[in-house]
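J.: Dropping the sequence and predicted coords here.
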Amino acid sequence: MYLPSFSLKGKTALVTGAGRGIGHAIAIGYAEAGADVVIVSRTQSDLEKTAEIIESKGSKAYIFEADVTNKDHIEKIFETLDSKKIRLDILVNNAGMNIRSKAMDVSDEEWNTIMNTNLRSAFWFSQKAGKRMKEAGGGKIITISSVAGHVALRTGVVYASTKAAIIQMTKNLALEWGEYGINVNSIGPWYFKTPLTEKLLANEEYLNDILAVTPQKRVGELPDLVGPAVFLASEASNYVNGQTLFVDGGMTIQGF
Ligand SMILES: NC(=O)C1=CN([C@@H]2O[C@H](COP(=O)(O)OP(=O)(O)OC[C@H]3O[C@@H](n4cnc5c(N)ncnc54)[C@H](O)[C@@H]3O)[C@@H](O)[C@H]2O)C=CC1
Ligand SMILES: C[C@H](O)[C@@H]1OC(=O)[C@H](O)[C@@H]1O
């Protein structure tokens, strides 16, 4: 038999930023693939809505209202998972944000907020999850980067720097943890309509600029991203390590 399993049945995944947007979609997609899901974000009401949908799919949802920039919150999440003996097979570092300042205008506060949310949190969650996955004999770590980590965009140098760093963090963690059966990969989306981007995408001129450099001439729909996220969380990607999968309608191949 050559076809590996794409199912996540019997697995437990932790998804940060699962209250809305891409994280919400991945959390539900994982439940549809059979996983139980630990969902983390700052907004309890968003988490409860996500949990309700996860449970409607026959999976368990574990809610953690937390700020991923607060290391004590991260510590508390893993202490709780350990005390409740909740396994961790899959980690998706999704939580992220952007402040689209020009480089000459970036403040210290903006730098710290974007770096702490997008990059620092992903490393601490990965370190905590990696230790448990090593003990368990393996696991899957997926971090959401961006095409902004690979090509220059007009959406901010600090955000782009965090997304490029995620690509390199992914390679280094894969190098160190591959022998423990841990697959560490990243997904680099182009534009998807979410609360983070809806104002931008509502601007017709801006949307036309996006489509002009997108071979598929459309922005992403959330199922376009959930498929690759399920692949990287499943046994079907057991020999894929340290990679960044750009889910971008062909944007990153666009030359002239
Ligand atoms: N939407 C898009 O077009 C693209 C998004 N991305 C990345 O995808 C990821 C998700 O983006 P979207 O779903 O669009 O964003 P969003 O703003 O719609 O959702 C982000 C989620 O992260 C949570 N979050 C943010 N800061 C947090 C914190 N400090 N602690 C806990 N939770 C926090 C929010 O509560 C929300 O649930 C981000 O890493 C973003 O950089 C990458 C490329 C394109
Ligand atoms: C493609 C980028 O990641 C996209 O650009 C933005 O302005 C948003 O911050 C998204 O992340």
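T.: Noted; the coordinates are in hand. Ligands and ions are numbered 1, 2, ... in the order given.
J.: contacts and neighbour counts: CA atoms only from here.
T.: Noted.
J.: List of residues touching stretch 10-24?
T.: Residues outside stretch 10-24 that contact it (CA atoms under 8 Å, 6 or more residues apart in numbering) are 25-27, 30, 34-43, 46-47, 49-50, 68, 86-96, 193-196, 222, 225.
J.: Among those residues, which ones are in strands?
T.: Asp36, Val37, Val38, Ile39, Val40, Ser41, Ile90, Leu91, Val92, Asn93 (DSSP state E).
J.: Quick check, Val92 in contact with Gly139.
T.: No - assessed by CA atoms under 8 Å, Val92 is found out of contact with Gly139, at 11.3 Å.
J.: ok, and what's touching stretch 169-184?
T.: By CA under 8 Å, 6+ apart, stretch 169-184 touches 123, 130, 133-134, 137-143, 185-186, 238-244.
J.: For stretch 133-145, output the C-alpha coordinates as CSV.
T.: Below are the C-alpha coordinates for stretch 133-145, written out as CSV (Å, rounded to 0.1, in the frame of the first residue of the first chain):
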residue,chain,number,x,y,z
MET,A,133,7.2,15.4,21.6
LYS,A,134,10.8,14.1,22.1
GLU,A,135,9.6,12.2,25.1
ALA,A,136,6.6,10.9,23.2
GLY,A,137,8.7,9.7,20.3
GLY,A,138,7.7,12.4,17.8
GLY,A,139,5.3,15.1,16.7
LYS,A,140,4.5,17.8,14.2
ILE,A,141,5.3,21.5,14.5
ILE,A,142,3.9,23.9,12.0
THR,A,143,4.5,27.7,12.1
ILE,A,144,2.6,30.2,9.9
SER,A,145,5.1,32.4,8.1
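J.: Make a PyMOL selection of the buried ones in the contacts of stretch 169-184.
T.: Burial among these is assessed by 16 or more other CA atoms under 10 Å; the matching PyMOL selection reads:
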select buried, resi 123+130+133+134+138+139+140+141+142+143+185+186+238+241+242+243+244
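J.: The contacts of stretch 169-184 in helices, which ones?
T.: Judged by DSSP state H, those include Phe123, Gly130, Met133, Lys134 as members of helices.
J.: now, which of those sits nearest ligand 2?
T.: Taking CA to the nearest ligand atom as the measure, ligand 2 lies nearest Phe123 of those, at 18.7 Å.
J.: Spatially nearest residue to the closest one, not counting backbone neighbours?
T.: Closest residue to Phe123 apart from its sequence neighbours, by CA to CA, 6 or more residues apart in numbering: Met169 at 7.9 Å.
J.: ok, back up a step: let me have the ones in helices among the contacts of stretch 169-184 in CSV, adding distance to ligand 1 and pLDDT as columns.
T.: CSV is the format used below for the ones in helices among the contacts of stretch 169-184 (distance: CA to the nearest ligand atom, whole Å; pLDDT from 0 to 100):
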residue, distance to ligand 1, pLDDT
Phe123, 13, 98
Gly130, 20, 98
Met133, 22, 98
Lys134, 25, 98
